[in-house]
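> What would the 3D arrangement of this be:
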Amino acid sequence: LSGRAIVDLSFVMQFFDPQYRADKFEVKQSSGSLRLEGMEFQSVNSQIIFQEIAGDFRLQGKDVAAKDLKVRTLNSDLILNGAFKNVFAYLEGSGGLGVIASLESEKIDLNEFLGQNQVDEEEGPIEQFEFPGNLNLNVELDIGDLNWENHHFNTITGQFLMANRKATVNNIRMNTLGGSVIGKLEVHNLLADGNVVDGNLKFEHINLKQLFEEWENFKQESIKSEHISGFAAGDIDILLLFNPYFSIIEEKIYAVTNLEITSGELVNLPTMKAITDYMRSNKALKLMLNKHINGFEKKLQHIKFSNIVNTIEIKDRRMTIPKMRIETSAMDVEVSGWHDFDNNIDYHFSFRFKDLKSKVETSEFGIIEDDGLGIVIYLTMSGSIENPVYKLDKQERQEEIKANIEQDKSDIKSMLKTDFGLFKKDTTIQKLKKDNKNEVEFIFYDEDSEDDEFDEGPKKKKNKTRSSNIFDKLKSNSEQEEKEPQIEIEK
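Next comes the predicted model:
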């Protein structure tokens with residue numbers, strides 16, 4: 001401790017054992033003022049040096065008020081204004097400290113206070129991260145820049161609360177990655193049981209290239225910062241667990257985000273080149289698409305998409321992407337799958353080429369479906385991102401066919417309900433909307449209708465065709481379902 005202090009104080013102090021324990025005392029009363037100038041302080045068990053400490057204090061009883069208290073460390077600074085309750089008991093180690101204040105800072109580097117994650121064995125074990133257990137804080141924040149590891153945040157405002165080793169930031173607002181973030185965060189310091197970060201955040205206009213750069217491409221190699229651009233918006237619920245030294249535990253990461261990406265681009269993505277390489281290696285696809293593959297490959301080197309919306313979950317070290325449709329400059333594609341933290345993958349793609357011949361092709365892999373808009377290709381990419389395995393996706397194709405059949409069944413029932421009055425009581429079947437109010441007359445031709453017209457003799461009962469029998473049966477069953485049950489009661 002060094003520096004200059006201008007003191008104008010009066011105390012009433014009680015020493016319990018002045019002869020043997022002069023350090024044990026209690027401040028009964030205090031009043032006056034204290035000014036600090038050019039002070040420097042370093043705790044015995046800390047490497048952090050607090051320097052250029054300056055400010056004015058007013059003492060009254062056991063409490064202290066601070067005005068323009070300035071403190072600097074190697075990479076951080078702050079200005080504090082507020083009230084400190086129970087100061088002397090806190091300094092003596094016999095009580096907690098309560099603070100109600102405002103904090104302003106041009107820059108705070110959390111790396112100074114959180115310590116390094118890795119320390120050489122010769123330097124001994126790293127220190128366990130701990131919030132002080134005897135602090136109760138209520139501080140309004142106004143921070144210009146804040147750094148944590150290689151992440152940067154600026155123009156930060158919010159309310160910082162701390163009690164019982166739990167820190168909460170309410171109404172946090174900050175700018176980062178070219179966009180803005182608002183929300184709430186909680187940090188639970190459980191000492192030897194680790195640390196928990198829980199929060200809900202909303203974000204807008206986040207630059208994807210910067211996001212991948214700062215977060216080191218999320219420890220994967222498939223999509224790097226040089227491959228992607230665009231802007232993200234949405235919200236995220238996060239639950240992160242850290243060890244006692246504040247290193248994240250990947251197995252315990254849980255997050256759900258509702259995500260929207262706009263003005264997106266993928267440039268020179270290796271995965272896209274691998275897709276066209278597989279097309280050339282597959283006999284059926286090469287035969288069908290050969291003259292289109294080179295041009296398609298060129299398009300895939302620079303893909304643009306205007307909008308993507310999806311809900312993505314991260315759990316058990318795996319990111320799961322539900323099926324979504326992406327409209328790009330090269331093609332419209334449906335994508336789903338998962339990607340884990342070890343770069344194992346299981347992705348499913350389906351896309352069509354509208355400029356190809358609409359013809360059902362048969363190959364050793366089965367039928368490649370044509371929906372009338374172009375040839376539909378179903379592919380799967382599995383294995384690892386370093387060594388992906390591409391195949392025609394038979395399962396996805398079968399599920400799509402099954403879904404189409406179910407939709408066709410629903411459409412047929414809707415037609416029967418609309419045009420013939422069947423299935424009236426089934427509320428799950430919707431009537432078809434008629435675009436044209438004019439009725440359409442159906443004319444049925446029968447082979448012996450012309451003979452019957454000139455036959456003057458007794459008319460025989462005409463045999464019904466099979467289709468007529470089926471229709472009558474459907475109508476009879478439908479009418480039977482609509483009949484109300486009749487109950488007779490004897491008098």
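
> tally of neighbours for residue 255?
Burial measure for residue 255: 15 neighbouring residues, criterion other C-beta atoms under 10 Å. Quick note: C-beta positions are derived from backbone N, CA and C, even for glycine.

> Dump stretch 202-211 to CSV, keeping only the CA atoms.
What follows is stretch 202-211, C-alpha atoms only, in CSV (Å, rounded to 0.1, in the frame of the first residue of the first chain):
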residue,chain,number,x,y,z
LYS,A,202,-32.2,-11.3,-27.9
PHE,A,203,-29.8,-10.3,-30.7
GLU,A,204,-30.0,-8.3,-33.9
HIS,A,205,-27.8,-7.7,-36.9
ILE,A,206,-24.9,-10.0,-35.7
ASN,A,207,-22.2,-10.2,-38.3
LEU,A,208,-21.7,-13.9,-39.0
LYS,A,209,-18.1,-13.5,-40.3
GLN,A,210,-17.0,-11.8,-37.1
LEU,A,211,-19.0,-14.3,-35.0
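
> What residues of that stretch count as buried?
Neighbour-count burial for stretch 202-211, counted by 16 or more other C-beta atoms under 10 Å, picks out 203, 206-211.

> Strands - which of those residues land there?
With strands identified by DSSP state E, the entries of the buried residues of stretch 202-211 that belong to them are 203, 206-207.

> Include pLDDT and distance to residue 50 when you put those into TSV, please.
Below are those laid out as TSV (pLDDT from 0 to 100; distance: C-beta to C-beta, whole Å):
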residue	pLDDT	distance to residue 50
203	97	34
206	97	35
207	97	36
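
> From the rest of the structure, what touches stretch 147-157?
Applying C-beta atoms under 8 Å, 6 or more residues apart in numbering, the external contacts of stretch 147-157 come out as 75, 107-111, 114, 141-146, 171-176, 214-216.

> residue contacts, the closest residue to residue 344 other than its chain neighbours?
Closest residue in space to residue 344, ignoring its immediate chain neighbours: residue 384 at 5.6 Å, by C-beta to C-beta, 6 or more residues apart in numbering. In this structure, residue 384 makes contact with 342-345, judged by C-beta under 8 Å, 6+ apart.

> can you map out the strands along the stretch 1-150 of the chain?
Assignment of strands within the stretch 1-150 of the chain using DSSP state E, counting those that start in this stretch yields the ranges 2-17, 21-42, 49-60, 63-72, 77-85, 97-109, 135-148.

> Grab the nearest non-local neighbour of the residue nearest in space to the middle of the chain.
The geometric centre of the chain, computed from its C-alpha atoms, lies nearest to residue 257 (C-alpha atoms, centre = their mean), at 2.3 Å. For residue 257, the nearest residue in space outside its immediate sequence neighbours is residue 236; the separation is 4.0 Å by C-beta to C-beta, 6+ apart.

> In contact with residue 5, which residues?
By C-beta under 8 Å, 6+ apart, residue 5 lies in contact with 34-37, 39.

> Look up how far residue 312 lies from residue 237.
The spacing between residue 237 and residue 312, counted by C-beta to C-beta, to the nearest Å, is 12 Å.

> and what of residue 38?
Relative to residue 312, and taking C-beta to C-beta, residue 38 is found at 53 Å.

> same deal with residue 109?
Applying C-beta to C-beta, the value for residue 109 to residue 312 is 31 Å.

> coming back round to it: what packs against the one helix or strand the residue nearest to the centre of the chain maps to?
Secondary-structure assignment from DSSP states H and E places residue 257 in strand 254-267. For strand 254-267, the helices and strands in contact under the criterion 3 or more C-beta pairs under 8 Å, 6 or more residues apart in numbering; DSSP states H and E are strand 228-242, strand 302-315.

> Using TSV, please lay out those strands together with distance to residue 333 and mean neighbour count.
Converted to TSV, the helices and strands packed on strand 254-267 look like this (distance: least, C-beta to C-beta, whole Å; neighbours: other C-beta atoms under 10 Å):
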stretch	distance to residue 333	mean neighbour count
strand 228-242	16	18
strand 302-315	9	16
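
> can you pull out the strands in the stretch 251-400 of the chain?
Taking DSSP E, counting those that start in this stretch to define them, one finds strands in the stretch 251-400 of the chain at 254-267, 302-315, 318-327, 332-340, 344-353, 361-363, 366-368, 375-384, 388-392.
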